[in-house]
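>>> Quick check, what structure comes out for this input:
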Amino acid sequence: MGVFSPSRSRSISRVKAFFLARAAPDPRSSKLLASIERLPPDVFQEIARRIPLLRDILNLSLTSHSMRALLISRLYRNVDLKTSKQCKVVLSMLSKHPDMARHVTKLIVHPNNIEWTATDVSLNESGVVDLLVRAIRYMPSLHTFFWDGVEMPDDYLWLVLRNSCPLLKNIGTSVGTQRLDPASNLYDFTDLTSFSFIIKKQSLALVSDLDTLPDIEKIPKRFWEMIIERCPHLERLAIGGAAPSPRLFDIRHITHGRWPHLRCLTLGDLSLQPRKRRRVSWIKEPTFTDFLLAHPSLHKLNLQYAGGDNFPTALILPPMALPHLEAFTGTLKYVATLPNPSLIKSLSLTSLFYSTSSISYLCSILESLTSLSSLSIWFDLSFNAKIDHDHGSLLRDLLSSCPQLSHLDLTCYTYPSFDVKELSQAIKDTGSAHLQSFILTKMHSPEDGKMLNTATHIIHDNPHLRNFTLRYSQDSWRSTKGIRPRQVGEFEVGLDEVGNPSTLAVYEWGVSSLSTRYTRRYTHKLGERPLFSSVRSLSSRYSLRSQNSSITKGSE
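Numbers count the residues shown, from 1 in each chain. I've put the predicted structure just below:
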């Protein structure tokens, strides 16, 4: 969701009004539209580039066939298929319409996405690969592809991608339970700028309940040859997944890599050093510290270490190390040893906070991050026990520690769940005027009121907010990834002529008491009572919203 300034919001409204002004009885309207369509195509591309929401571009394209032809490249530039149904419908459509497929530059597919797929429903992923193969042949401009299935895709997909998409430089895949194929076509790419190799959790079973750690597995030699020897211009590298991981890969070879342009590194729950009883070697291998010192270009570092002796327990770096690091993801103990904490603007904490005493230590660390503008954190003070806590005080302490915060991503599994209004009051009490957006994920409670009522209360307390998301989960989960939502509400604030909140653009998704899904999109005028009779319900069919949500705004 975009953030609107008053001037930007008014300019977009004027552009839409200009193009959509079609007085049916007046024949001059069709002449006006025809004359507008004779403007240079670059003008329309620039207009589309400045419109933050894809649905607004879609509305503009629907004014005429000529307008659609001018804007179709923007509509299908980035395609992100979040559900199994979207995978089937959209890929089938693209395979039958090469004129649309040729505009796709970024394609992400999520078959059997556990966040949006019922546990008793499974999609044949080989069928999705077949659809992909047919569609990809018509995507010569594709530069980014990511597969996020339960297992890796059928291997011939990588061969088709390499042969059909000469511009492909960014690829990624999920890894399930199947053994890695040393002869896979995946390892035949050259000169990639981004590669992701993400270990997938197949269910919500708590991997942390395993009695022993998984056996350490080796990644095929051809993988390292591709990444280290044939991809010297690598800018982004991700290996592993959120901790705790169902598979543990040995990635010690990564310390031999030297990528002068590496900006973003993500390492999941992996083995980066041999277990203590096996640390006997006559050959001095480069350490992870050596690796980090050799990559001063890093801007983002993501370490999802879960514990144990397979990974360095601290970052032991000199003060001059990582001079450009602005975003960090990891445990609090890593944050405490960062060489330049005052440079950090974005922080995502992967460790679960489960006691009030740990919150006090957290706040003391956050106070040292004087440039922090974005924070992601999750806690469960009950740890599956039914205990009451003063969440208001906790939230006020947290916000007071980050006075420059502009975005907060908060996940809370404490049971019983707290009232969202406590967060709203905490934001108000701490005078967090810089805060423009937040995402709150919490356990669903029967006492939760209607999301719209909650949202209007939040804006009444905090008129400086520009957008926020409320997510109520069905169950607790030992990770911030893979959460199965019960109800989601996305809210974007519209401003009046003097910059005061006047409307809420709302998108709601949820599961009813009868286990049927519903979606709603509407605009609510602040100060009025909710009128749900005017809400367009899209729950029982594959809707325009469903299709359009799979095609995201292009990045510049």
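
>>> Send me stretch 110-128 as PDB with only the CA atoms.
Taking C-alpha atoms only, stretch 110-128 is exported to PDB below (Å, rounded to 0.1, in the frame of the first residue of the first chain):
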ATOM      1  CA  HIS A 110       3.400 -19.800  -4.500                       C
ATOM      2  CA  PRO A 111       1.600 -23.100  -5.100                       C
ATOM      3  CA  ASN A 112       0.200 -24.700  -1.900                       C
ATOM      4  CA  ASN A 113       1.000 -21.500   0.100                       C
ATOM      5  CA  ILE A 114       0.300 -22.500   3.700                       C
ATOM      6  CA  GLU A 115      -0.900 -19.000   4.500                       C
ATOM      7  CA  TRP A 116      -3.700 -19.000   1.900                       C
ATOM      8  CA  THR A 117      -4.400 -22.800   1.300                       C
ATOM      9  CA  ALA A 118      -6.500 -25.000   3.500                       C
ATOM     10  CA  THR A 119      -4.600 -27.900   5.100                       C
ATOM     11  CA  ASP A 120      -6.800 -30.500   3.400                       C
ATOM     12  CA  VAL A 121      -6.400 -29.000  -0.100                       C
ATOM     13  CA  SER A 122      -3.300 -29.700  -2.200                       C
ATOM     14  CA  LEU A 123      -2.400 -28.700  -5.700                       C
ATOM     15  CA  ASN A 124      -0.400 -30.900  -8.000                       C
ATOM     16  CA  GLU A 125       2.800 -28.900  -8.400                       C
ATOM     17  CA  SER A 126       3.900 -30.800 -11.500                       C
ATOM     18  CA  GLY A 127       0.700 -29.400 -13.200                       C
ATOM     19  CA  VAL A 128       1.800 -25.900 -12.200                       C
END
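
>>> For it, which residues meet the burial criterion?
Within stretch 110-128, the residues that count as buried by 16 or more other CB atoms under 10 Å are 110-114, 116-117, 123, 125, 128. Backbone N, C-alpha and C define where each C-beta goes, glycine included.

>>> Okay, and which of the residues you listed map to strands?
If you go by DSSP state E, those have nothing in strands.

>>> Is it possible to get these out as JSON lines so that each row also shows distance to Q487?
Shown next, in JSON lines, are these (distance: CB to CB, whole Å):
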{"residue": "H110", "distance to Q487": "20"}
{"residue": "P111", "distance to Q487": "24"}
{"residue": "N112", "distance to Q487": "22"}
{"residue": "N113", "distance to Q487": "17"}
{"residue": "I114", "distance to Q487": "17"}
{"residue": "W116", "distance to Q487": "13"}
{"residue": "T117", "distance to Q487": "17"}
{"residue": "L123", "distance to Q487": "24"}
{"residue": "E125", "distance to Q487": "28"}
{"residue": "V128", "distance to Q487": "28"}
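
>>> okay, now the residue nearest to P286 when sequence neighbours are not counted: neighbour count?
Leaving aside its chain neighbours, P286 sits nearest to T255 (4.3 Å; criterion: CB to CB, 6 or more residues apart in numbering). Neighbourhood size, T255 [other CB atoms under 10 Å]: 18.

>>> picking that back up, with pLDDT and distance to P318 as added columns, please give the buried residues of stretch 110-128 in a markdown table.
Formatted as a markdown table, the buried residues of stretch 110-128 follow (pLDDT from 0 to 100; distance: CB to CB, whole Å):
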| residue | pLDDT | distance to P318 |
| --- | --- | --- |
| H110 | 95 | 41 |
| P111 | 94 | 46 |
| N112 | 90 | 46 |
| N113 | 87 | 43 |
| I114 | 79 | 42 |
| W116 | 71 | 45 |
| T117 | 70 | 47 |
| L123 | 86 | 50 |
| E125 | 94 | 47 |
| V128 | 96 | 48 |
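
>>> picking up where we left off before, correct me if wrong, but the residue nearest to P286 is in a strand.
No. Assessed by DSSP: H, G, I helix; E, B strand; the rest coil, T255 does not belong to a strand; its assignment is helix.

>>> burial measure for the nearest residue to K200 once chain neighbours are set aside, as a count.
Take K200 and drop its neighbours on the chain: the residue closest to it by CB to CB, 6+ apart is S174, 4.2 Å away. By the criterion of other CB under 10 Å, S174 has 22 neighbours.

>>> In three-state terms, how would V43 be classified?
Assignment for V43 (three-state DSSP): helix.

>>> The stretch 251-400 of the chain: strands as residue ranges?
Using DSSP state E, counting those that start in this stretch, the strands found in the stretch 251-400 of the chain span residues 264-267, 300-303, 327-330, 346-349, 374-379.

>>> Export those as TSV, with columns for distance to P166, mean pLDDT and mean neighbour count.
Shown next, in TSV, are the strands of the stretch 251-400 of the chain (distance: least, CB to CB, whole Å; pLDDT from 0 to 100; neighbours: other CB atoms under 10 Å):
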stretch	distance to P166	mean pLDDT	mean neighbour count
strand 264-267	24	97	20
strand 300-303	28	96	20
strand 327-330	32	95	20
strand 346-349	34	96	20
strand 374-379	36	93	21
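
>>> mind putting these in JSON lines, distance to S66 included?
Converted to JSON lines, these look like this (distance: least, CB to CB, whole Å):
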{"stretch": "strand 264-267", "distance to S66": "41"}
{"stretch": "strand 300-303", "distance to S66": "42"}
{"stretch": "strand 327-330", "distance to S66": "43"}
{"stretch": "strand 346-349", "distance to S66": "43"}
{"stretch": "strand 374-379", "distance to S66": "42"}
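
>>> what about the ones you listed, which gets the closest to F468?
strand 374-379 (13.9 Å; CB to CB).

>>> quick one: low-confidence parts of the chain?
Along the chain, segments meeting pLDDT under 70 span 1-37, 118-120, 202-212, 274-283, 306-308, 354, 383-389, 475-483, 515, 528-556.

>>> Sounds good, over and out.
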